[in-house]
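**Q** pasting the structure only:
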């Protein structure tokens with residue numbers, strides 16, 4: 001609740017990345033991290049990291065965390081629950097005088113939520129060296145490039161061409177479910193099997209702005225008609241792919257110019273998002289919408305100026321051994337569990353490229369998230385935190401979790 005109070009006062013709960021409010025939140029976290037005995041720094045990708053040194057320098061690092069940025073008018077638990085429960089794990093270790101064999105790092109990933117630059121999971125992409133130069137060049141409406149914004153947050157993009165980290169034994173992320181399944185089934189914890197991959201597409205149509213009262217329909221070059229047909233194709237593709245594997249698609253952004261009731265739209269920009277737990281359906285969807293938008297432009301006598309993949313993250317499987325530790329920890333605590341896929345994207349999906357990952361979900365009241373009504377009860381957070389603590393202890397003691405894994409997702 002204290003962290004949630006650091007919000008844009010006229011739009012709770014808003015703490016958008018790259019803003020002064022976000023930096024205010026980061027300063028709050030630094031104080032809490034250091035009070036818990038963690039040394040803090042910001043890495044090259046702009047991620048805030050607190051570190052507790054382990055007993056064995058060769059034992060590697062157990063990474064715990066999530067993100068502190070929010071969507072506009074978001075909630076108090078999305079992301080931050082994963083950071084603060086991780087902080088509680090560190091506090092309990094220190095209160096009991098325990099120094100793990102592995103080092104423990106608590107991370108606040110930069111810009112997990114989609115930003116004004118058109119890309120999400122900026123910090124975790126950077127950590128695994130999947131933040132491409134084309135992404136760093138993306139600009140927000142004011143003209144600042146993403147690479148410059150990362151520098152402003154304390155990162156150093158000049159170091160993003162160095163090899164990625166190979167010291168991470170495991171990454172653990174606690175998150176609110178953002179759905180209704182756990183609440184509906186009266187289950188304490190969700191154990192995540194896989195995290196969806198996400199593709200975001202930008203499509204721009206250009207035509208002519210004409211008087212809406214004097215230009216016959218047949219002579220118009222109406223870009224909104226082409227956009228509408230493309231949006232319908234997105235819905236049709238999503239409906240045709242329901243079932244297994246998990247697939248969903250949405251058109252979430254429509255920008256129409258000149259956006260006047262009596263003018264034929266001359267330019268329309270739409271942003272489309274698709275999610276699936278397997279890469280094949282995502283690739284097929286992109287091809288289908290590419291073709292559908294071309295046909296829509298031709299039928300409406302307009303140009304399709306842009307069909308651009310804004311961002312792409314591949315689906316990620318959670319590590320079976322780590323999942324086993326989570327289930328065992330929950331069982332020992334008398335907590336019920338449910339295995340489930342995550343329909344939301346998370347930083348863990350990118351960390352899976354360099355280390356074994358596991359995620360634990362705690363219930364969301366009414367399934368609400370990304371809104372001020374988002375809520376998870378204290379007891380539910382305590383249960384998730386207890387399971388996270390027990391899992392950290394189990395992973396630290398598990399010598400069969402090796403470092404320098406060639407392909408963690410297998």
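**A** Perfect, I can see it now. These numbers were taken from a predicted model, which means no experiment stands behind them. Residues are numbered from 1 along each chain as shown.
**Q** distance from stretch 227-245 to the middle of the chain?
**A** Going by C-alpha atoms, centre = their mean, to the nearest Å, the spacing between the C-alpha centre of stretch 227-245 and its chain's C-alpha centre is 23 Å.
**Q** and the average pLDDT for it is what?
**A** On average, the pLDDT along stretch 227-245 is 94.
**Q** next, the buried residues of it.
**A** Using 16 or more other C-beta atoms under 10 Å as the test for burial, stretch 227-245 gives 227, 228, 229, 230, 231, 233, 234, 237, 238, 241, 245. Any C-beta I mention is one placed from the backbone N, CA and C, and that applies to glycine too.
**Q** and stretch 24-37, by the same measure?
**A** By neighbour count on 16+ other C-beta under 10 Å, the buried set for stretch 24-37 is 25, 26, 29, 30, 32, 33, 36.
**Q** do stretch 297-307 as well
**A** Judged by neighbour count using 16+ other C-beta under 10 Å, the buried positions of stretch 297-307 are 297, 300, 301, 302, 303, 304, 307.
**Q** circling back to that earlier point, just the ones of the buried residues of stretch 24-37 in helices?
**A** Residues of the buried residues of stretch 24-37 located in helices (DSSP state H): 25, 26, 29, 30, 32, 33.
**Q** distance to residue 119 and pLDDT for the residues you listed - can I get that in a markdown table?
**A** Supplementary listing: those in a markdown table, determined by distance: C-beta to C-beta, whole Å; pLDDT from 0 to 100:
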| residue | distance to residue 119 | pLDDT |
| --- | --- | --- |
| 25 | 20 | 98 |
| 26 | 20 | 98 |
| 29 | 23 | 98 |
| 30 | 25 | 98 |
| 32 | 28 | 98 |
| 33 | 26 | 98 |
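**Q** and the furthest pair within the buried residues of stretch 297-307?
**A** By the measure C-beta to C-beta, those have their two most distant members at 301 and 307, which lie 17.8 Å apart.
**Q** for this structure, what are the low-confidence residue spans?
**A** When residues are selected by pLDDT under 70, those of the chain lie in 402-410.
**Q** 90 instead, please
**A** Low-confidence regions of the chain, defined here as pLDDT under 90, cover residues 114, 118, 197, 242-246, 277, 310-314, 341, 345, 399-410.
**Q** now the strands for it?
**A** Assigned by DSSP state E, the strands in the chain fall at 39-42, 48-52, 61-67, 103-109, 168-176, 189-195, 197-206, 247-257, 267-276, 303-313, 316-317, 337-342, 357-362.
**Q** strand partners (parallel or antiparallel) of the fourth one?
**A** Spelled out, it's strand 103-109. In the sheet containing strand 103-109, its partner strands are strand 48-52 (antiparallel), strand 61-67 (parallel), by DSSP bridges.
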